[in-house]
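[1] predicted model follows, preceded by the sequence.
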Amino acid sequence: GLRAWQLCRPLLDAGHEVTLVTFGERPVRVSEPPGLRRICLASGDFTDGELLNEALAQAQPDAVITAGSYQPTRAACLLRTELPLWVDLPGDMMAEAQLRAESAGDPGLVQDYLSILAPALARGDHFSVISHRQRHALLGQLGLAGRLTAQGVGHEMVSVLPPAVEPAPCVTRGPRPHGVPADAFLVLSSGGYNTWCHVQTLFAGLERAMELDPRIHFISAGGAIPDHCEGAEALLRQLVGRSAHGERFHLLGWQWPEDLAALYAESQLGLNLDRRCYEAELGSRNRLLDWLRHGLPCLTTPSSELARELCDQGLAMEVSAEDAEAVARRIVALARDPEALRRQGAEARVTVEREYSPQATTAPLVAWARCPARAPGSGQDTPNPEPDARLLQAELRRCEQQLGAVRGSAAFRGLRQVSNLLDPLRRRLKGLKN
């Protein structure tokens, strides 16, 4: 993923040998960078302690570094090792759990996330977060976990590693998507429709802007996030289906990177609207940097620390997600001068590539990796870091949910009906054998 490569690349540039453990399909690369070795596990193996410890024994590292919140954190807590551990938490897990529980209608998900975060807080030797706001939140969590010990006075345990982007390749503009006129002003949204997305204002603001300016069209280059948040995109499609301007909403779904870059080149404005929630306040928005590195200007709610910084520097433009009319009028005003937007995007691209490169954002990690060490007081004055009971309880709960979904499926009901039809034949065969 993006976060793994952000952390991995500077370590390789510093001369370290890195074993990258990934979950899922192996990415297609012509060749690996010097110093990188990859161990590819199946997507479900992040819960398999034995496989993870075999990978650890195969790698024989001097330290363990996670990259990303949920699955990597869970995997790290299954490792049986006393090696120094850097835990990367790019986004507050409990704030994410709050939204996830609301979206799924399942309050128990909060406990699932806590069962992963708690052992990580107890075991980690150094932590990285996505924002200074999240750093303050994590310090409070570490205090509640008993990690702010007397031995650790003056020792920095939490570093801020904001999101990063690589320089974007030059992309030649191609034909516009089907149904988009040559003179259209294209507003784009990309990435997943996550739990924090303010879908209602996104739609209402765009629909109103279309009423005010017939040139405005919308491209959606993303979609639902399977097993995480599928309702937000479904709501958008439902709203678009009832709209008088539905033909100007182009919901293209997930795109390959090269196709996505071409859509960026065709668009005039990126639009990001966050709900008012703790996840937005403590987290970040990678898509803003992705748009800007391609020179695509963006209009965003200043909810996250990154968005606030970009707006304050004039690299992005801010709008409230609570006022659809204000969103619409801001889009219409910007559409009047697309050349000014293009110049702003070009200037922002230069700044973003310089200030948000992997090298510029990971200096604390590279410094720690020169001499990784356990945190002062590790294993003392802290709760038992053994995570097995909590992890097994959460896994049992997930399995029960999956089993319930299978039992409620049409395929299962059909098989049960077939089985019932075969029962008389089974009894007759049993009688013949007797």
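    Arrived safely, thanks for sending. Numbers count the residues shown, from 1 in each chain.

[2] report the secondary structure state of Gly314.
    coil (DSSP: H, G, I helix; E, B strand; the rest coil).

[3] check contacts around it.
    With contact taken as CB atoms under 8 Å, 6 or more residues apart in numbering, Gly314 is in contact with Gln344. For glycine as for every other residue, the C-beta is placed from the backbone atoms N, C-alpha and C.

[4] next one: Asp48
    The contact partners of Asp48, by CB under 8 Å, 6+ apart, come to Leu41, Leu78.

[5] what about the helix or strand Glu50 falls within, distance to the chain center?
    Taking DSSP states H and E as the definition, one finds Glu50 inside helix 49-59. Between the centre of helix 49-59 and the centre of its chain there are 25 Å (CA atoms, centre = their mean, to the nearest Å).

[6] and that helix, what does it pack against?
    strand 18-23, strand 36-41 (3 or more CB pairs under 8 Å, 6 or more residues apart in numbering; DSSP states H and E).

[7] could you point out which of these sits nearest Ser378?
    For the helices and strands packed on helix 49-59, proximity to Ser378 was assessed by CB to CB; strand 18-23 is nearest, at 22.8 Å.

[8] Pro338 contacts Ser267, doesn't it?
    No: judged on CB atoms under 8 Å, Pro338 makes no contact with Ser267 at a distance of 10.5 Å.

[9] so for the two, which residue has more residues nearby?
    More crowded of Pro338 and Ser267, by other CB atoms under 10 Å: Ser267, with 27 against 15.

[10] so what's Asp183 up against?
    Going by CB under 8 Å, 6+ apart, Asp183 touches Arg215.

[11] and it, how far from Gly205?
    As defined by CB to CB, to the nearest Å, Asp183 lies at a distance of 21 Å from Gly205.

[12] what of Ala221?
    Distance of Ala221 to Gly205, computed by CB to CB: 18 Å.

[13] related to what we said a few turns ago, any idea which of the helices and strands packed on helix 49-59 is most buried?
    Mean neighbour count (mean count of other CB atoms under 10 Å) peaks for strand 18-23 among those, with a mean of 18.

[14] quick revisit: after the helix holding Glu50 comes which helix or strand?
    Once the chain leaves helix 49-59, the next helix or strand it forms, by DSSP H and E, is strand 64-65.

[15] low-confidence ranges in the chain?
    Along the chain, segments meeting pLDDT under 70 span 25-31, 172, 174, 379-416, 418, 426-427, 430-434.

[16] now the strands for the stretch 301-434 of the chain?
    With DSSP state E, counting those that start in this stretch, the ranges of strands along the stretch 301-434 of the chain come out as 317-318.
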